[in-house]
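Trainee: This is a predicted model, with the sequence first.
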Amino acid sequence: MFEVIGERINTSRKPVQAAVAERDADYIIDDVKKQQEAGATFIDVNAGARIGHEEEDMRWLLDTIQPVCEIPLALDSPDPAILEMAFAMVEKTPLVNSISLEKERFEAMMPFLDGRECKIIALCMDDAGMPGSSDDILGRARKLVSELNSIGIATSDIYVDPLVQPISTDAGKGVMVLDAVRAIKAEFPEVHITGGLSNISYGLPQRHIINRTFVTLMMDAGMDSAIIDPLDRKIMATIRTADMLLGHDQFCMQYLQGVRSGAIES
Ligand code: THG
């Protein structure tokens with residue numbers, strides 16, 4: 001079944017930034033409950049936008065969210081020190097977001113992850129920047145999986161993020177990532193594929209239709225998780241329907257339940 005990483009608790013979103021600045025716990029709690037009810041599998045927590053406040057904001061968010069959160073958290077920061085602090089605070093095994101092949105980040109994350117029980121998002125990013133071809137994405141994924149395996153992390157606990165890039169800058173960016181996902185899944189059937197989707201539509205109008213169509217294609221290629229807004233009814237209905245059509249929904253149970261609850265409509 002497709003896993004939804006709820007992206008809303010992110011201080012780059014204006015209302016969340018305001019709630020965090022004012023320590024408005026009710027706003028955050030209400031949002032987390034809504035994401036859970038909408039079918040999120042993880043709640044992503046990103047406190048990176050208030051420069052100089054990330055540590056205290058992350059602490060406050062985790063203290064606020066955990067008492068009402070029944071699902072695991074995705075701890076989202078590029079800073080290994082923040083991830084280490086957050087990891088020590090969580091009660092349920094988290095999804096750590098993320099490690100990459102960027103030297104400084106990689107070298108700080110590896111000893112921290114060594115021997116720990118967790119799930120980890122592995123970004124196909126290195127010091128040369130964003131990947132330039134599907135082979136480049138595959139090569140980076142291969143390196144990340146082998147390095148993480150070498151410190152005891154099972155392939156089935158790794159969520160590869162191939163890094164979606166804007167189709168408006170290069171018509172080939174969609175096929176590039178789709179081919180890479182197919183190749184990664186052929187080589188590592190157990191690995192998960194995740195990522196933000198909205199980069200694909202950057203710079204174009206009517207972005208949601210692009211994002212929804214793209215997630216369907218990515219799911220056919222092997223994407224089984226994404227960082228999205230679970231309160232976006234249309235993308236959630238598209239994902240549930242595609243999951244059924246791809247054979248991941250025994251007896252169409254999830255689809256039928258979605259229709260009965262009103263979450264899925266034509
Ligand atoms: N991969 C991984 N982690 C990630 C990302 C990724 N974490 C952060 C981000 N990308 C995913 N999270 C968000 C959270 C909020 C929004 C988008 C992505 C968001 N977007 C507004 C929208 O879509 O309408 C616009 C934001 C704005 O410009 O204000 O709110 O790729 N591993």
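Mentor: That came through fine.
Trainee: going forward, measure contacts between C-alpha atoms and count neighbours the same way
Mentor: Noted.
Trainee: Up against the ligand, what does the stretch 51-200 of the chain have?
Mentor: 97, 161, 195-196 (C-alpha under 6 Å from any ligand atom).
Trainee: Would you map the strands across the stretch 101-250 of the chain?
Mentor: Listed in chain order, the strands of the stretch 101-250 of the chain (DSSP state E, counting those that start in this stretch) span 119-123, 158-161, 192-193, 225-228.
Trainee: Run through the residues that contact the residue nearest to residue 48 when sequence neighbours are not counted.
Mentor: Closest residue to residue 48 apart from its sequence neighbours, by C-alpha to C-alpha, 6 or more residues apart in numbering: residue 54 at 5.3 Å. Residue 54 makes contacts with 47-48, 82, as judged by C-alpha atoms under 8 Å, 6 or more residues apart in numbering.
Trainee: hang on, the earlier thing: most packed of the strands of the stretch 101-250 of the chain?
Mentor: strand 158-161 (a mean of 27; mean count of other C-alpha atoms under 10 Å).
Trainee: List the contacts of that strand.
Mentor: Contacts for strand 158-161 (C-alpha under 8 Å, 6+ apart): 119-124, 141, 145, 191-195.
Trainee: if we go to 6 Å?
Mentor: 119-123, 191-195 (C-alpha atoms under 6 Å, 6 or more residues apart in numbering).
Trainee: On the pLDDT front, check the residue in the stretch 1-150 of the chain that the ligand sits nearest to for me.
Mentor: Going by C-alpha to the nearest ligand atom, the ligand is nearest to residue 7 of the stretch 1-150 of the chain, at 4.6 Å. Residue 7 is assigned 98 on the pLDDT scale.
Trainee: Three-state assignment for it, please.
Mentor: strand (DSSP: H, G, I helix; E, B strand; the rest coil).
Trainee: Okay, the residue in the chain that the ligand sits nearest to and residue 117: tell me how far apart.
Mentor: With C-alpha to the nearest ligand atom, the shortest gap between the chain and the ligand falls at residue 196, namely 3.5 Å. Counting by C-alpha to C-alpha, to the nearest Å, the separation of residue 196 from residue 117 is 24 Å.
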